[in-house]
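K.L.:
Kindly generate the corresponding structure for this input.
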Amino acid sequence: MRKIGLLGVLVFAFFQLLPVSFAEPWLANRYSQNCAACHAPGRLNQPPKGRRCTLSCQGCHVNPQGGGLRNHYGKWNSERWLKSFNSKLFQTKWAPAPHDKQPYMKPKNKNELFKPGETKTVISKAPYPNEDLYDNHYYKDWHKDSKNLSEFKSRIPIEDPYLTERTQKITGGADLRYLYGQLSGDREGDLNGLMAVDLGLRYRPVPEKVSVVFETRYSNSPFNTELTDGVTADARVRSAYVLVDDLSYNSFFQYGLYRPMFGNYTPDHTSLSQTLTDMDQNAVVRAWSFGLAPNVPYGIFSLIQPTTGSPTDLSTNPFLNDEGYAINLGARAVTLGLSANLTYWQTERPDADGAKRSRSYVVASGGMHWRRLVLNGELANFDIEELSGANNSGSVVTFDGKYRIWREVYGVFNYAFSNTNRTRGEGQSNETLLGVKAFLLPGSEVDLQYILRDETNDESDTETSYNTIQVQAHLYF
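P.N.:
Residues are numbered from 1 along each chain as shown. Sure thing, here's the model as predicted:
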């Protein structure tokens, strides 16, 4: 343990030298077969009408459309599973032991039921538990419904997220990312700066059913090297909404400012897909949403309404002034960690003169987890009216692969290509990413990446090629 403690000190020192995103949907594929990654092992299901168990975004996040503040299920995962080491110095929480080691799974007689919160979770003594002991092949009751609510609650220990979600009225969190690197080729420059700081707070005036959520974001350019630039360069509302959830069949209502679900969102707002669709980390709208996620399938309908202020001046209106709707239909399953999502987005956005410009998207994405490999893919079609009567349309295809090398250390390979250049003009573009992603201690992530970007502009008959070598340090809690 002294060695682990020393490692913790070194990691902490590293983050101080690199003083430090967002949603990573591939983690749902990764942990889909490990029920103990979300709560204590040995749980039963409730009948579909009262079931909350889901692999959709609200499995880990407060926002059922993904990203931002983590709920208690997401915190359970990051504290107990998404790590490579334990440390007494940082008081990390050990993963639970398998279900057959838990006291609430061994009643003295068949009719005995434990009261919720009557027992504590027995922890695993292994530094990195064998996940085969937590999947659906080892625990045979994972798909069974409880006979009644009392039986369901009898397998809930005191630390389980089911209880903390319903007893703690206030949930807070923060997210910081620091970037260090260098551009070379047709574009050159040094990258060194605190890229983003997110602060979030949820208040539950009605436990279990009603949440009031506010999140603020401080963002920065990687070319601003002063540490204070990370919280002074640009501050904006990331989300502010009221959420009524945990209704029948795990349905919800949501209203306010937030980012509706859109394809397979990744933390890199400079990715080819987010650049071409304009749906990056600042794509916040005012909307009404209704959705449901009864276990495997899910669906969300969002009615998007314009905000007030100037449509183009971010100093007076930092939100997308879109009007229209978005539909998401999808499913996530335990088998092979399979996932699929279809997004349809149809809105109009006014320009500086008040003329409305249409934009529509159709995005199909999917993923799977097989042994140590996690694969995701996305096809995004876009049709955006840049000028009156002039539309730019095209497609971008993205492949995202991760291979678990050791514990929670991954080799990463991403590739994306489009039949337009990066400004949606005539030409083509592609990008390749090779790297290593490591979750060392709970709430910490380090990425070492090499990114090669190429594009061809047919109108100017030019080609551009540049690469980036960068380190990203990410802290979240």
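K.L.:
Quick one: residues contacting the residue nearest to residue 474 when sequence neighbours are not counted.
P.N.:
Nearest-residue entry for residue 474: residue 445, 4.1 Å, with adjacent residues in sequence omitted and distances by Cβ to Cβ, 6 or more residues apart in numbering. Every C-beta, even on glycine, is put in place using the N, C-alpha and C of the backbone. Counting by Cβ atoms under 8 Å, 6 or more residues apart in numbering, residue 445 makes contact with 437, 438, 439, 472, 473, 474, 475, 476.
K.L.:
and residue 445, that one's in a strand?
P.N.:
Yes. Checked against DSSP: H, G, I helix; E, B strand; the rest coil, residue 445 lies within a strand.
K.L.:
That one and residue 437, how far apart?
P.N.:
Distance check for residue 445 against residue 437: by Cβ to Cβ, to the nearest Å, it reads 7 Å.
K.L.:
Contacts for stretch 272-279, please.
P.N.:
Contacts for stretch 272-279 (Cβ under 8 Å, 6+ apart): 262-263, 266, 268, 280, 359, 361, 378, 380, 382, 384, 394, 396, 398, 416-418, 420, 422, 424, 429-431, 453.
K.L.:
Is it possible to mark the buried ones in the contacts of residue 445?
P.N.:
Among the contacts of residue 445, those classed as buried by 16 or more other Cβ atoms under 10 Å are 437, 438, 439, 472, 473, 474, 475, 476.
K.L.:
Which of these fall in helices?
P.N.:
Applying DSSP state H to the buried ones among the contacts of residue 445, no entry is found in helices.
K.L.:
tell me which of those residues is nearest to residue 106?
P.N.:
residue 439 (32.9 Å; Cβ to Cβ).
K.L.:
The closest one: what's it in contact with?
P.N.:
Per Cβ under 8 Å, 6+ apart, neighbours of residue 439: 82, 83, 84, 408, 409, 445.
K.L.:
Save those as a markdown table, and put in pLDDT and distance to residue 462 too.
P.N.:
What follows is those, written out as a markdown table (pLDDT from 0 to 100; distance: Cβ to Cβ, whole Å):
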| residue | pLDDT | distance to residue 462 |
| --- | --- | --- |
| 82 | 95 | 43 |
| 83 | 95 | 46 |
| 84 | 96 | 45 |
| 408 | 97 | 42 |
| 409 | 98 | 40 |
| 445 | 96 | 37 |
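K.L.:
quick one: which of the residues you listed is nearest residue 72?
P.N.:
Using Cβ to Cβ, residue 82 is the member of the contacts of residue 439 that lies nearest residue 72, at 14.6 Å.
K.L.:
Residue 452 against residue 467, yeah?
P.N.:
Yes. Using Cβ atoms under 8 Å, residue 452 is in contact with residue 467, at 4.7 Å.
K.L.:
ok, of the contacts of stretch 272-279, which come out buried?
P.N.:
262-263, 266, 268, 359, 361, 378, 380, 382, 384, 394, 396, 398, 416-418, 420, 422, 424, 429-431, 453.
K.L.:
List the ones among those that fall in strands.
P.N.:
Using DSSP state E, 359, 361, 378, 380, 382, 384, 394, 396, 398, 416-418, 420, 429-431, 453 are the members of the buried ones among the contacts of stretch 272-279 that sit in strands.
K.L.:
Contact partners for the closest residue to residue 60 other than its chain neighbours?
P.N.:
Nearest residue to residue 60 in three dimensions, chain neighbours excluded: residue 74, at 3.3 Å (Cβ to Cβ, 6+ apart). Residues near residue 74 by Cβ under 8 Å, 6+ apart: 59, 60, 61.
K.L.:
most neighbours, which of those residues?
P.N.:
Neighbour counts for the contacts of residue 74 (other Cβ atoms under 10 Å) peak at residue 60, which has 26 neighbours.
K.L.:
got a list of what it touches?
P.N.:
Shown in contact with residue 60 (Cβ under 8 Å, 6+ apart): 27, 28, 38, 70, 71, 73, 74, 77.
K.L.:
For the protein, give me the ranges with low pLDDT.
P.N.:
1-23, 110, 309-317, 388 (pLDDT under 70).
K.L.:
Show me the helices in it, by range?
P.N.:
Ranges of helices within the chain are 2-17, 26-30, 72-80, 149-153, 161-167, 229-232, 272-277, based on DSSP H.
K.L.:
For residue 393, give the beta-bridge partners.
P.N.:
Note on residue 393: beta-bridge partners residue 383, judged by DSSP bridges.
K.L.:
how many other residues sit next to it?
P.N.:
Residues near residue 393, counting by other Cβ under 10 Å, number 13.
K.L.:
go on, residue 46?
P.N.:
18.
K.L.:
Likewise for residue 184?
P.N.:
Residues near residue 184, counting by other Cβ under 10 Å, number 12.
K.L.:
ok, how many other residues are close to the residue nearest to it when sequence neighbours are not counted?
P.N.:
Among residues not flanking residue 184 along the chain, residue 467 sits closest, at 5.9 Å (Cβ to Cβ, 6+ apart). Neighbours of residue 467 under the rule other Cβ under 10 Å: 17.
K.L.:
which residues does residue 467 contact?
P.N.:
183, 184, 185, 450, 451, 452, 453.
K.L.:
Next, work out how far apart it and residue 423 are.
P.N.:
Counting by Cβ to Cβ - residue 467 and residue 423 are separated by 20 Å.
K.L.:
now the contacts of residue 60: which count as buried?
P.N.:
When the contacts of residue 60 are checked for burial by 16+ other Cβ under 10 Å, the buried set is 27, 28, 38, 70, 71, 73, 74, 77.
K.L.:
From residue 382, how far out is the third one?
P.N.:
Okay, so that is residue 38. Distance from residue 38 to residue 382, by Cβ to Cβ: 34 Å.
K.L.:
The fifth one now?
P.N.:
Separation of residue 71 from residue 382 (Cβ to Cβ): 32 Å.
K.L.:
what do you get for the last one?
P.N.:
Using Cβ to Cβ, one obtains 33 Å as the distance from residue 77 to residue 382.
K.L.:
One more: the first one?
P.N.:
Using Cβ to Cβ, residue 27 is found at 26 Å from residue 382.
K.L.:
Then the second one?
P.N.:
Taking Cβ to Cβ as the criterion, residue 28 is separated from residue 382 by 25 Å.
K.L.:
these two touch, right, residue 429 and residue 454?
P.N.:
Yes. Contact criterion Cβ under 8 Å: residue 429 and residue 454 qualify, at 6.8 Å.
K.L.:
Need the distance between the two termini of stretch 58-78.
P.N.:
15 Å (Cα to Cα, to the nearest Å).
K.L.:
chain center to it, what's the gap?
P.N.:
8 Å (Cα atoms, centre = their mean, to the nearest Å).
K.L.:
Make CSV out of the buried ones among the contacts of residue 60 and add distance to residue 119.
P.N.:
As requested, the buried ones among the contacts of residue 60 are arranged in CSV below (distance: Cβ to Cβ, whole Å):
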residue, distance to residue 119
27, 28
28, 29
38, 19
70, 25
71, 23
73, 19
74, 23
77, 21
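K.L.:
and the residue nearest to residue 189 when sequence neighbours are not counted, how far is that from residue 413?
P.N.:
Closest residue to residue 189 apart from its sequence neighbours, by Cβ to Cβ, 6+ apart: residue 183 at 4.6 Å. Going from residue 183 to residue 413 by Cβ to Cβ gives 21 Å.
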